[in-house]
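Colleague: Sequence and predicted structure below; questions after.
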Amino acid sequence: MSLVILSNDAKEQTDLVSSVQSIYKPWSFRNSLSSTMEIPANAQIALTSAKISLDGQISLAAGEKLLYVYIGRVLTGDQTIQNSNSYPIKVKLFEDQPGVVVTDTKGLADETQRALNKFITHPHYAKRSVVTTNRNATTGEFEGYKFELKQTNSSEGLLPSAVGSVDMIAASRDIFSLRARATPLLRRYTITASANNGVTLTPLANNVFTNHLIATTFEPTIDTPPISLTAGSVTFDLSKCIGNTGGQGAPNLNSDFICGLSRYCTQGQRTANNRPGPRFYYWGHSAHSSPGQPMNKIGRCFADFVLVNSSGELRLYDTATYGVAARQGAGGNRRSPRWREIDYTQGGTNAAPFNTLYNTTQNNGRFEKVKFTTTGEQIKIELIDNQGNSSTLYSYSQLRRDGVTPRLLGENFKPIDQNCESLVPVMGLYIEELAGGGNAPQDYSITLERYTCIDLTDLPNVVYTTDLATYEADPVNTIIPWFNRVEQELGVQSSTIIKSIDNRALRLTDPPYGGMSVNDQFTGCWQPVILTSPSRIYAHAQGANTMRLYGFSELNGIAAGIPPWVDEGEDADLQFVYSLISAEIPTALSSKSIFVRVDNFNQTSTNAANGNKSGIIAHLPRFDGQQQTGRLFFEPKNLIYLDLNNPAPMKINSFDISFVYSDETYCSSLVGSSIVTLHIREKGQTN
């Protein structure tokens, strides 16, 4: 007669060694003996007790299982979504399983992490979410979930023609004419690697002076990441289109051009009118004193933030709604976004030479480059002269240069909102009617010299795409900008969502546009908010139904701000971590019966549920009034002995124990330490 005590973790430690050592899992483990044990002939075995820690099961009802993630400024007081530049992102759990879904706590954590990494596409958060089960440090018991949303501030400076960056050349395309893009003979320009490792757009030498000549570096299926919004930048060389840059042998060239940053549109106006732009974008007029003048010349283009040389004057434009400040006589829907001129003469940070529209035909500052820098919701534009010195043409400020007078609506760019969180460079020339003066078409050019984009080196094999079908085919290894996904997924309905952000952006005067925060270099205007129930403040979270699932009832389903979020600072991967833990322990149920099986002996039972012989020796029943999950102790009142079918004494050196369901699959919802005691006796003995 022997009593045998078995455990997957002899010291009952809390580091859950069973999760990483295959033979010591809490649901299947082996105990090896230091010396051989002899079991007498005709022996029997019975379970005397068992202790387990059970996470339990989670049953999710049929229909959509939804939460929303909002990344933006945390709203307080009487603020509403109208005080934000962001929109809640719908996150679908088990989206390919419309019926009832049964899982366990780890399964829900894994699925939540998968869904967050699919649907969160903010360039500084994409593919960086981690969701784990939160456990008691002493007992290892389940206490809820831990969400970690990581913000990367790392960026990569690309020399576009360098090895590994050649896709930027392949991706550069005419964004106006589908015919020109499909028929190279009609394109009449070329984009090539330049001598200084840039990408240069140059008209072809075919004696035809080309108009409507503009290109972007972001095409569907091309993995050019968007600009980093944490001091990312793009620099354009204008020396062959701004004119009079000074110095011996310097060019004397001046042409209308455009350069800057924009989201990339694949639907909307492109489909209807063979040109890029959201469905609701209004092409007819701009805020320019002569409506359509640079726009008609450069192709009536759509772009978000641009510097334009128009008839020898530098002008700034963004694409935004006029709101209540609609230009009289502009026509069309005044609340539809369109090109809007930004008056840098009053709103800029410098006096002369930018106290009037800068004259590029004289170019007294000898400028030959322009640099756009993005930080959070803010943009800065600098002109660089032929000595490398920088002068600020525009930077965000709530005040004019006098430091007292508030800037007017048209004296600040719109903020970089959620529609524009994935910006890419655009550039173009208009050289029609510039023949003469000894200049040939190929003498004019504009060069994208350097581009600082999101660094994806910590995400192996992950690429950007603007094509929804490509993204849906491989959401693990692709990122699609939020704007492109909504635009293609919702079709005409997307206009309501996208336009609501464009229309509210310019009303933001308080709080100011967000930049980098002072703590840990987090970009504070991108704080995460998890919505597991509908929200009056954040709105647009219809159908959110996971509040109790994640243990957020005490928060009314809305986790916003610090606390409950915790700023954990920089991790080992140089990412900044926001973490969130369940406010209370979510309820899980034990809906399946658990059995104990001995795998390396000769006892047999019959499992009629699957019609086979089995090594099961006992059932662990659930009793009324007993807790259903957590630490559970079982001690059968009546021991059931099974024959070991050994006619002779048997020497053994190990015990293999499993906890299984009635279908003999492992009870993988067990965690921590499991303990089993067995009684072995000779047949016929009564104790």
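Modeller: Okay, I see it.
Colleague: For the stretch 351-500 of the chain, which segments count as helices?
Modeller: Taking DSSP state H, counting those that start in this stretch as the test, the helices found in the stretch 351-500 of the chain are 468-473, 482-490, 494-505.
Colleague: and if you look at the stretch 1-150 of the chain?
Modeller: Going by DSSP H, counting those that start in this stretch, the stretch 1-150 of the chain shows helices at 105-119.
Colleague: low-scoring stretches of it, by residue?
Modeller: Counting by pLDDT under 70, the stretch 1-150 of the chain contains low-confidence residues at 1, 10-23.
Colleague: ok now do the residue nearest the centre of the chain, which residues does it touch?
Modeller: Residue closest to the mean C-alpha point of the chain, counted by Cα atoms, centre = their mean, is A126 at 2.3 Å. Residues near A126 by Cβ atoms under 8 Å, 6 or more residues apart in numbering: 117, 120, 479. The way it works is simple: take the backbone N, C-alpha and C, and place the C-beta from them, glycine included.
Colleague: quick one, phi psi at it?
Modeller: Dihedral angles of A126 (phi, psi; degrees, to the nearest 10) stand at phi -60, psi 140.
Colleague: give me the number of residues near G63?
Modeller: For G63, the neighbour count with other Cβ atoms under 10 Å is 11.
Colleague: ok so, going back, nearest to L314, out of the contacts of A126: which one, please.
Modeller: I479 (34.4 Å; Cβ to Cβ).
Colleague: for that closest one, which residues make a bridge with it?
Modeller: Under DSSP bridges, the beta-bridge partners of I479 are Y464.
Colleague: Settle this for me: it is touching Y464, isn't it.
Modeller: Yes: if you go by Cβ atoms under 8 Å, I479 and Y464 touch, sitting 5.3 Å apart.
Colleague: From V74, how far off is the residue nearest to the centre of the chain?
Modeller: Note on A126: its distance to V74, by Cβ to Cβ, to the nearest Å, is 20 Å.
Colleague: ok so, going back, now the residue nearest to the centre of the chain: how far from T224?
Modeller: From A126 to T224 the distance is 15 Å (Cβ to Cβ).
Colleague: same check, this time on Y394
Modeller: For Y394, the distance to T224 - Cβ to Cβ - is 25 Å.
Colleague: Kindly report the same for A320.
Modeller: In terms of Cβ to Cβ, A320 sits 25 Å off from T224.
Colleague: Least reliable of the helices of the stretch 351-500 of the chain by average pLDDT, please.
Modeller: Among the helices of the stretch 351-500 of the chain, helix 494-505 carries the lowest mean pLDDT, a mean of 78.
Colleague: show me where pLDDT drops low in the stretch 301-450 of the chain?
Modeller: Counting by pLDDT under 70, the stretch 301-450 of the chain contains low-confidence residues at 301, 321-336, 347-351, 432-438.
Colleague: if we go to 50?
Modeller: Judged by pLDDT under 50, the stretch 301-450 of the chain has its weakly predicted residues at 323-333, 435-436.
Colleague: and if you look at the stretch 501-650 of the chain?
Modeller: In the stretch 501-650 of the chain (pLDDT under 50), the answer is 508, 624-625.
Colleague: tell me the helices in it, going along the chain?
Modeller: Using DSSP H, counting those that start in this stretch, the helices found in the stretch 501-650 of the chain span residues 547-550.
Colleague: Which stretches in it count as strands?
Modeller: With DSSP state E, counting those that start in this stretch as the criterion, the stretch 501-650 of the chain has strands at 527-531, 558-560, 566-570, 575-581, 594-598, 605-607, 612-614, 616-620, 630-634, 642-643, 650-660.
Colleague: Need the winner for burial among the ones you listed.
Modeller: Mean neighbour count (mean count of other Cβ atoms under 10 Å) peaks for strand 527-531 among the strands of the stretch 501-650 of the chain, with a mean of 25.
Colleague: Partner strands of that strand and their direction?
Modeller: Its sheet considered, strand 527-531 pairs with strand 65-72 (antiparallel), strand 558-560 (antiparallel) by DSSP bridges.
Colleague: From P406, how far off is P512?
Modeller: P512 is 11 Å from P406, by Cβ to Cβ.
Colleague: Next, format the strands of the stretch 501-650 of the chain as JSON lines and append distance to M547.
Modeller: Shown next, in JSON lines, are those (distance: least, Cβ to Cβ, whole Å):
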{"stretch": "strand 527-531", "distance to M547": "9"}
{"stretch": "strand 558-560", "distance to M547": "9"}
{"stretch": "strand 566-570", "distance to M547": "20"}
{"stretch": "strand 575-581", "distance to M547": "14"}
{"stretch": "strand 594-598", "distance to M547": "29"}
{"stretch": "strand 605-607", "distance to M547": "40"}
{"stretch": "strand 612-614", "distance to M547": "41"}
{"stretch": "strand 616-620", "distance to M547": "32"}
{"stretch": "strand 630-634", "distance to M547": "22"}
{"stretch": "strand 642-643", "distance to M547": "47"}
{"stretch": "strand 650-660", "distance to M547": "32"}
